[in-house]
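Asker: Please work out how this folds:
(chains A and B)
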Amino acid sequence: MKEDLHSSLVSPKGNWWLPIGKQEKKWVTIAFVWCMILFFMMPFWHIKGGQNPSGIRSKVEASAFQARVDQFIQDYQVGEEKGIPVVAPPAGSHIYMAGRMWSWYPVLKLQKGAEYTLHLSSLDVNHGFSLHPVNVNFQVVPGYDYGLKIVPNTTGDFKILCNEFCGVGHHLMVGKVIVEEAADE
Amino acid sequence: MSSMVSSLANQFRTCGVTGLKVDRTAENLIKINAVVAVVCLLIGVLAAIGLVLTRWQAVHLLDPVMFYRFLTAHGLNMLIFFIIFFEMAVLYFAGPVMLSCRLPAPKLGWTSFILMLLGMIIVNYTVAVGQADVLFTSYPPLKAHPLYYLGIILFAVGALIVCGLFFATLVVAKKEKTYEGQIPLVTFGGLTAAIIAVITLLHGAAIYIPTFLWSLDLMAMDPQLYRLIFWGLGHSSQQINVAAMVSIWYLLAALTVGGVVLNEKVSRMAFVLYILFISMASAHHLLVDPGFGAAWKVWNTSYAMYLAVLASMIHGFTVPAGIEMGQRLNGFTKGVFGWLKNAPWSDPGFSGMVLSVVIFGFMGGITGVTIGTEQINILAHNTLRIPGHFHVTVVGGTALAFMAVTYYVLPLIFQKRVAFWGLAKIQPYIFAGGISVMGMAMTFQGIFGVPRRHFDITSAGAPFSPEFHPAVNLLQAVMGVAGLVAAVGVLAFIAIAVVTVFFGKKMTASDIEAKASGIPQGVLRLPKQQYTASEVEAVHNAGGARGTMVLVGIFLVCFVAYYFVNWKMLSFLWKIG
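Answerer: As a prediction, the model looks like this:
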């Protein structure tokens, strides 16, 4: 025999801690299993997947980061485009990209298939690193250095949009990354 | 029915439809909070029209300064002021009215309202005069005028007092024995919303008070710490909406078709899961931030292994299944979906509620869990997928549920016949159609990398110009047109609500007997609210809620497909880590 039922407007009286119905139990079980799958996909991808936002993370003053960027440009500059230095670092090196109102600095020239550690930070307010057209997005926070290992898998010209509001010139903040085939050695 | 016109000197009136004893101060506070909520909604939707006509690059209406100012006003008035004023009305309803209890400390109710009103006006003023072009999130080091932060603090303190009054009402009602047994499920949901509101507002105090001092140059502010605590407010406040919205689903299911609570234990446990885990969602905004490690991100973004998602999946079953059972108990037993076919689709209280469940679950839930996955967020962070997601949760879900319940609040609380009844019957469909198509167009643009909060994606005048997939142009036109349709839906709602409240015809007993227009069918004839064991037994033997089982099955298939397609897309990216 089933119990009485009432709507959500009615105060439950007496014992309302009743066993769950069959259909409801089935759905709650399925939903719970699905939630566990959702959860375990994330640690699984850390082990098996190639895209994770872990990175090497540390605090950095804007002036200290600016100094690292300047040193980086001095070491590996190969040219200039639209007044922005173009830098071609060797495979395996630490590379730097600064966001500031309203530009990305410098332009990077990378090799396909090589690994780099890309350090992102901001010299003023929050910015958003959004690599186009591959669609890779990271938050760039002033005072923090986000070091991400990257391996470009396609060649061509890539643009960096800012996708965190950073003031009235936000839409003017576009940078560039060039990826070329690895030189034969 | 004569009790409806009983003298003002009495503290209570008795509702002629539901038989509830209604405290007059609580009723007046419901009215004033709802009216101010609608004013904020109007500001928000006017700003929205400017935004959608600017983001649609073919139109590109505003200049950058006005675009970001409109965006700031839109976010604050919609996400904070409209929603929280309305939720205050919900709390006054779920407490004193539902429990037939007096409102303790009525003067404090008015004080809190004045604080909130003052806060709202100060914030809107500083934004309007260009002293707070910092968007809804106001991430430091972007800085607004100190008055802006002060306005938010005043508003939050007012809202906190209302939560306190709600808790006090529960105590008084219990002590004065105004109800028997447990509080009804709708009130339990309101209690959940109030508890989450307290958690949220404490985060608000923890961040806005230091930020206010920072804006006066009295202390330092770490931008990453700000983002962490701000989203303890910003995301948790959306969970107040979820709890309030789910309560309204249950309420409207009962009022419109006599929907039942399948199992009080399960539904209440699901609400408790919200309280326990939902404030962890701050992490959703920090998945690709430099300040936090992988373990922290994985644990928090999943609300401790998706237990709050489990809660939503439970409500997503129990609400439609409760409706199905209610309909079957009322004799609509034919086939698997006879109960749906014979539902009151021309009652905007019913259609709005069902569309809210569908849009929130199918579109909001699936997109939200997917983009809130730690690694998938690399594809989605700060793209149009984010507003694409929350316009189908907060707007297509919560705001639509609030509109739907308004069609019952107008006759039951304001005691007015709903104006423009023909328009009201189709308003939920117009709004739901517009907002869901707009949300999808935003989500798909986001998949192509189109950023959110961006004045000009052609980046005219920048040193380099990004190129987008050609489909983006089409999607922008779809977003523009659908956004305007949604705005028409909101304006229709505002016109109906305002004309009803200020110029509407008084609803009388003879109107109900004569089935006059402007009265929803659930008010004309309140459905049965209690069913005997033998009635229930018969429905169970006929297959129970088998239609809902089919619907949730379809939902799960969509969820699994969308989720794994995103992992596949992620695997194509450069190696990152």
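Asker: Which helix or strand contains the residue in chain B sticking out farthest from the centre?
Answerer: Distance from the C-alpha centroid of chain B peaks at B:Pro463, with 41.3 Å (C-alpha atoms, centre = their mean). For B:Pro463, there is no helix or strand it lies in under DSSP states H and E.
Asker: A:Lys82 is in contact with that one, correct?
Answerer: Yes - if you go by C-beta atoms under 8 Å, B:Pro463 and A:Lys82 touch, sitting 4.0 Å apart. (Each C-beta comes from the backbone N, C-alpha and C, glycine too.)
Asker: Touching both of these two, which residues are there?
Answerer: Residues touching both B:Pro463 and A:Lys82 by C-beta atoms under 8 Å, 6 or more residues apart in numbering or on different chains: none at all.
Asker: wait, what's in contact with residue 62?
Answerer: All of this is about chain A. A:121-124, A:142-143.
Asker: wait, I meant chain B there
Answerer: B:50-51, B:53-54, B:70.
Asker: Could you measure from it over to B:Val52?
Answerer: 11 Å (C-beta to C-beta, to the nearest Å).
Asker: what does A:Asp75 give?
Answerer: 47 Å.
Asker: could you say which helix or strand contains the residue nearest the centre of chain A?
Answerer: Centrality entry for chain A: nearest residue to the mean C-alpha point is A:Phe138, 2.9 Å, by C-alpha atoms, centre = their mean. Element membership of A:Phe138, judged by DSSP H and E, is strand A:136-140.
Asker: now what about that strand, what contacts it?
Answerer: By C-beta under 8 Å, 6+ apart, strand A:136-140 touches A:53, A:99, A:120-122, A:126-131, A:146, A:148, A:163-164, B:227, B:286, B:288-290, B:377-383, B:573-574, B:576.
Asker: just stretch B:493-500 next, same as before
Answerer: Residues from elsewhere that reach stretch B:493-500, judged by C-beta under 8 Å, 6+ apart: B:34, B:38, B:41-42, B:45, B:403, B:406, B:410, B:414, B:416-420, B:423-424, B:427, B:431, B:518.
Asker: From the residues you listed, list the buried ones, please.
Answerer: Among the contacts of stretch B:493-500, those that count as buried by neighbour count (16 or more other C-beta atoms under 10 Å in any protein chain shown) are B:34, B:38, B:41-42, B:45, B:403, B:406, B:410, B:414, B:416-420, B:424, B:427, B:431, B:518.
Asker: show me what contacts the most centrally placed residue in chain B?
Answerer: Centroid-nearest residue in chain B: B:Thr398, 2.3 Å away (criterion: C-alpha atoms, centre = their mean). Listed by C-beta under 8 Å, 6+ apart, the contact set of B:Thr398 reads B:83, B:241-242, B:244-245, B:356, B:360.
Asker: Check A:Glu80 too.
Answerer: By C-beta under 8 Å, 6+ apart, the contact set of A:Glu80 is A:Val86.
Asker: Can you tell me the strand partners of the helix or strand where it lies and which way each runs?
Answerer: For A:Glu80, the element it lies in under DSSP H and E is strand A:77-81. Strand A:77-81 has the following strand partners under DSSP bridges: strand A:84-87 (antiparallel).
Asker: ok, residues contacting the strand it pairs with?
Answerer: In contact with strand A:84-87 (C-beta under 8 Å, 6+ apart) are residues A:72-73, A:76-80, A:95, A:103, A:105-109, A:175-176, A:178, B:463.
Asker: Of those residues, keep whichever come out buried.
Answerer: A:72-73, A:76, A:95, A:103, A:105-109, A:175-176, A:178, B:463.
Asker: among the contacts of B:Thr398, which are in helices?
Answerer: B:83, B:241-242, B:244-245, B:356 (DSSP state H).
Asker: about what we covered before: out of the contacts of A:Ala62, who's near chain B?
Answerer: By C-beta under 8 Å from any C-beta of the partner chain, the members of the contacts of A:Ala62 lying near chain B are A:121, A:124, A:142-143.
Asker: Most neighbours out of those, which is it?
Answerer: When neighbours are counted by other C-beta atoms under 10 Å in any protein chain shown, A:Ser121 leads the ones next to chain B among the contacts of A:Ala62 with 29 neighbours.
Asker: All the helices of chain A, residue numbers only.
Answerer: Using DSSP H, helices in chain A cover A:22-48, A:62-76.
Asker: which helices and strands does the first one pack with?
Answerer: In this structure, helix A:22-48 packs against helix B:294-301, helix B:303-329, helix B:546-571, with contacts taken as 3 or more C-beta pairs under 8 Å, 6 or more residues apart in numbering or on different chains; DSSP states H and E.
Asker: so of those, which one's packed in deepest?
Answerer: Highest mean neighbour count among those (mean count of other C-beta atoms under 10 Å in any protein chain shown): helix B:303-329, with a mean of 25.
Asker: Kindly spell out which helices and strands sit in contact with that helix.
Answerer: Under the contact criterion of 3+ C-beta pairs under 8 Å, 6+ apart, helix B:303-329 touches helix A:22-48, helix B:236-257, helix B:264-277, helix B:338-341, helix B:348-358, helix B:533-541, helix B:546-571.
Asker: Dump these to TSV, plus mean pLDDT and distance to B:Ala477.
Answerer: TSV is the format used below for these (pLDDT from 0 to 100; distance: least, C-beta to C-beta, whole Å):
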stretch	mean pLDDT	distance to B:Ala477
helix A:22-48	96	34
helix B:236-257	94	29
helix B:264-277	94	38
helix B:338-341	96	33
helix B:348-358	98	24
helix B:533-541	92	48
helix B:546-571	97	24
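Asker: Minimum distance to B:Lys177: which of those has it?
Answerer: Closest to B:Lys177 of these is helix B:264-277 (C-beta to C-beta; 20.4 Å).
Asker: and the angle from the closest one to helix B:236-257?
Answerer: 160 degrees (axes from the mean of the first three to the mean of the last three C-alpha atoms, to 10 degrees).
Asker: picking that back up, figure out which of the helices and strands packed on helix B:303-329 is closest to B:Thr367.
Answerer: Closest of the helices and strands packed on helix B:303-329 to B:Thr367 is helix B:546-571, at 7.5 Å (criterion: C-beta to C-beta).
Asker: Tell me the spacing between B:Phe555 and chain A.
Answerer: 10 Å (C-beta to the nearest C-beta, to the nearest Å).
Asker: try B:Val485
Answerer: For B:Val485, the distance to chain A - C-beta to the nearest C-beta - is 27 Å.
Asker: Please, which helix or strand holds that residue?
Answerer: helix B:471-503.
Asker: Tell me if I'm right that B:Ala168 and B:Ala105 touch.
Answerer: Yes - counting by C-beta under 8 Å, B:Ala168 does reach B:Ala105; the two are 6.8 Å apart.
Asker: Phi, psi for A:Ser54 please.
Answerer: Phi and psi for A:Ser54, reported as degrees, to the nearest 10, are phi -60, psi -70.
Asker: ugh, wrong one, B:Val129
Answerer: Main-chain dihedrals, B:Val129, degrees, to the nearest 10: phi -90, psi 10.
Asker: still on that earlier bit, dump the ones next to chain B among the contacts of A:Ala62 into JSON lines; add distance to B:Ile371 as well.
Answerer: Below are the ones next to chain B among the contacts of A:Ala62 laid out as JSON lines (distance: C-beta to C-beta, whole Å):
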{"residue": "A:Ser121", "distance to B:Ile371": "25"}
{"residue": "A:Asp124", "distance to B:Ile371": "28"}
{"residue": "A:Pro142", "distance to B:Ile371": "25"}
{"residue": "A:Gly143", "distance to B:Ile371": "26"}
